[in-house]
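In: sequence? don't have it. structure:
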Ligand code: HEM
């Protein structure tokens, strides 16, 4: 065992000792009732674990508590597992109970703990599926949001913010019903793919009968050895022009909702965008660069030398041509005038059946204080975007992500208080 692993091990032991001490649960482990998982759920009532999780000394840990949920202005991690869920319960009370139940479990997961310690009871299913045992927090962030359909399901349309509408149909959309919409989303991002998957797997497992997965997508970002912007599967730096996650004033303008029960929350737009790699790979570098209006290697905008150099989309050369082509993705996105916080991940999901083509692309995710910001950019890209030759939008969803949680509170409390 290396020294750092050893330290991790000691930290884990401390946290478990603390947990047993503080919860008064004996060394025999958490009592699991005859109903198996049901008993585990019961043991995880909302107040029991909260102070415990707070006392854990964990590595690579993102804070759960705060004004905003994690996973929005959290530095981008290497992996995502994103799930869109159908909600099966129809009463507000049951949903509220679910969020109360999930809250302390999310705290534990983000602290690098299993939802419940593994026991050696051979007679019942395991309380936590266990594949994250021995792994640390891995900077796990969990972001939970609710979709427009949920309000109808629960009969609380009066609380649906006007901004929360299904996205309009865009000209080049080829959306698949099974990759579209959802009542609730969980975005799990972490520096370890198994930690992200484990979190969602277990949250859903314990809510069995209350929620079910509608669609999900795993994704990744690869960072250069020296800090820098990750490249997408077209080999271009992706994420250069984004609001700074440390500029609170700007984030208030672009990302955070400032009214109603969603104050401090944000709208998440998810688009599953297939990238036709085979077509792209047959394209000359000149055409590839003209697609974005940026140079592949440096990431600099046309006419400039460095990635973060500012540029004027209207600038023209001596012949009167736009320096940044007016069909380029960046030209059109910038010209829309709308700003969004992009937090996307690449995906690779095998092959498209019977075509021999990679099923690969971008799980595009953006946060904004109003989904109309996304719509404005997407409309500007419209039919003009040169990138349309190389991509197809397959999935789409929009969610209102709850404000952050203060100690003693739970996810979505502001919504339930507004009922
Ligand atoms: C597979 C799909 C997509 C790919 C591969 C892609 C790639 C890129 C790249 C390489 C850049 C330039 C570097 C940067 O600033 O990050 C960029 C910029 C941008 N993209 Fe995309 N993008 C995609 C989809 C979208 C969508 C759906 C939207 C929103 C509707 C969008 C909005 C933007 C914005 C706002 C910028 C910054 C423009 C500026 O400089 O002001 N992108 N994208």
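Out: That came through, no problem. Since the structure is predicted, the reported quantities are computational estimates derived from the model, not experimental observations. Numbers count the residues shown, from 1 in each chain.
In: please tell me how far residue 265 sits from residue 317.
Out: As judged by C-beta to C-beta, to the nearest Å, residue 265 and residue 317 stand 44 Å apart. Backbone N, C-alpha and C define where each C-beta goes, glycine included.
In: comparing those two, which residue is more hemmed in?
Out: Taking other C-beta atoms under 10 Å, residue 265 and residue 317 do not tie; residue 265 has more neighbours (30 against 10).
In: and the closest residue to the more buried one other than its chain neighbours, what does it touch?
Out: Nearest residue to residue 265, sequence neighbours excluded (C-beta to C-beta, 6 or more residues apart in numbering): residue 403, at 4.5 Å. Taking C-beta atoms under 8 Å, 6 or more residues apart in numbering, we find residue 403 in contact with 67-69, 257, 262-265, 414.
In: and the residue nearest in space to the middle of the chain, what pLDDT?
Out: Centroid-nearest residue in the chain, with C-alpha atoms, centre = their mean: residue 187, separated by 3.4 Å. Looking at residue 187, its pLDDT is 99.
In: quickly run through the sheet partners of whichever strand or helix holds it, with directions.
Out: Here residue 187 sits within strand 184-190, counting by DSSP states H and E. Taking DSSP bridges as the criterion, strand 184-190 forms sheet pairs with strand 79-87 (antiparallel), strand 141-146 (antiparallel).
In: ok, which of those comes nearest the ligand?
Out: Shortest distance between the ligand and the strands paired with strand 184-190, using C-beta to the nearest ligand atom, is found for strand 79-87: 14.9 Å.
In: after the closest one, which helix or strand is next?
Out: Next along the chain after strand 79-87, taking DSSP H and E as the criterion, comes helix 92-110.
In: so what does that following helix touch, helix or strand wise?
Out: Applying 3 or more C-beta pairs under 8 Å, 6 or more residues apart in numbering; DSSP states H and E, we find helix 92-110 packed against helix 50-55, strand 141-146, helix 193-206, helix 413-417.
In: identify the residues contacting the second one?
Out: So that's strand 141-146. In contact with strand 141-146 (C-beta under 8 Å, 6+ apart) are residues 62, 64, 69-72, 74, 77, 99, 102, 106, 109-110, 183-190, 199, 203, 265, 267-268, 399-402, 411-412, 415.
In: in ChimeraX, how would I select just the buried ones from these?
Out: A single ChimeraX command selects the buried members of the contacts of strand 141-146 (16 or more other C-beta atoms under 10 Å):
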select :62,64,69,70,71,72,74,77,99,102,106,109,110,183,184,185,186,187,188,189,190,199,203,265,267,268,399,400,401,402,411,412,415
